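# What follows is a protein structure lacking sequence information:
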């Protein structure tokens, strides 16, 4: 069955983001911010413990070092700098998790770093290397799109021992015809209405396809489905999608 994931642990100091305590019991995988685009040590520890309490798989959610821009602004980091910042963030959350008797299972880059991974080969290979070099085997989450086979072949033909890929689709984001997410500055890029979010999730889960912003249909073979925790409809959407994925009781 398609797994349900959400970006969580993105509060910072006195600033609160999302509804982590309400959403965590409803999901399978928590993408937890590691302190660069959001979060702080207290938030990281609290979110790891919350995931552990509810039996939710813990994922590292590394982003660009840009709290002011919430990691959604492109940064001109070299491949070596990308490697270092991703490895640093994996180590941070993995250390916290280990101290709590838990472990990190996967890595999902955040925001602009995620998009750079999908569109820039040096950035992508630096992330492959960082995830592969971490002493504990980890999966890397990438966008499910028509280029899925290319990325699988890229990893298989490179020196990335132990690296596995998981592919994700988005319930609350609009898609372009090339399988990429519609840029957030475009009208309709983020679905705000519950019916639209659940309908897209249902199509992805049952038909492995999605309708793009222009009305075309593209195939999406996904392992996991994301709903953003900062979306206004997040909690209601997660509840409805969880019900839909579980089917009639």
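Structure's in. What do you need? Everything numeric here is computed off the predicted structure, so don't read it as measured data.

# Only C-alpha atoms from now on, for both contacts and neighbour counts.
Fine.

# for residue 136, helix, strand, or coil?
coil (DSSP: H, G, I helix; E, B strand; the rest coil).

# distance of it from residue 91?
Distance of residue 136 to residue 91, computed by Cα to Cα, to the nearest Å: 10 Å.

# ok, these two, which is more surrounded?
Legend: neighbour count by other Cα atoms under 10 Å for residue 136 and residue 91, higher for residue 91 (17 against 13).

# before we move on, what SS does that one have?
Put simply, residue 91 is helix when judged by three-state DSSP.

# Against residue 183, how distant is it?
Separation of residue 91 from residue 183 (Cα to Cα): 30 Å.

# Over to residue 31?
Distance of residue 31 to residue 183, given as Cα to Cα: 21 Å.

# if you count what's nearby, which of those two comes out ahead?
A count of neighbours by other Cα under 10 Å puts residue 31 above the other of residue 31 and residue 183, at 26 against 15.

# Am I right that the more buried one sits in a helix?
No: counting by three-state DSSP, residue 31 is not found in a helix; it is strand.

# I'd guessed it sits against residue 4; true?
No: taking Cα atoms under 8 Å as the definition, residue 31 is not a contact partner of residue 4, at 10.7 Å.

# does residue 240 sit in a helix, a strand or a coil?
helix.

# Residue nearest the middle of the chain, spatially speaking?
When Cα atoms, centre = their mean is applied to the chain, the residue found nearest the centroid is residue 108 (4.5 Å).

# Number of residues surrounding residue 135?
So residue 135, with other Cα under 10 Å, has 9 neighbours.

# what's the answer for residue 22, then?
For residue 22, the count of nearby residues is 11 (other Cα under 10 Å).

# gap between the closest residue to it other than its chain neighbours and residue 18?
Distances taken as Cα to Cα, 6 or more residues apart in numbering place residue 235 nearest to residue 22, at 7.2 Å, with adjacent residues excluded. Applying Cα to Cα, the value for residue 235 to residue 18 is 9 Å.

# Check residue 120 too.
Taken as Cα to Cα, the span from residue 120 to residue 18 is 30 Å.

# Neighbour count: the two, which is higher?
The neighbour count for residue 120 versus residue 18, taken as other Cα under 10 Å, is higher for residue 18 (19 against 11).

# phi, psi of the residue nearest to residue 22?
Phi and psi for residue 235, reported as degrees, to the nearest 10, are phi -60, psi -50.

# can you give me the strands for this protein?
Using DSSP state E, the strands of the chain run over residues 3-8, 29-33, 57-61, 104-107, 139-143, 164-170, 209-211, 217-219, 224-227.

# can these go into JSON lines with extra columns for distance to residue 191 and mean pLDDT?
Converted to JSON lines, these look like this (distance: least, Cα to Cα, whole Å; pLDDT from 0 to 100):
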{"stretch": "strand 3-8", "distance to residue 191": "15", "mean pLDDT": "96"}
{"stretch": "strand 29-33", "distance to residue 191": "20", "mean pLDDT": "98"}
{"stretch": "strand 57-61", "distance to residue 191": "22", "mean pLDDT": "98"}
{"stretch": "strand 104-107", "distance to residue 191": "25", "mean pLDDT": "98"}
{"stretch": "strand 139-143", "distance to residue 191": "18", "mean pLDDT": "98"}
{"stretch": "strand 164-170", "distance to residue 191": "10", "mean pLDDT": "97"}
{"stretch": "strand 209-211", "distance to residue 191": "13", "mean pLDDT": "95"}
{"stretch": "strand 217-219", "distance to residue 191": "17", "mean pLDDT": "94"}
{"stretch": "strand 224-227", "distance to residue 191": "10", "mean pLDDT": "94"}
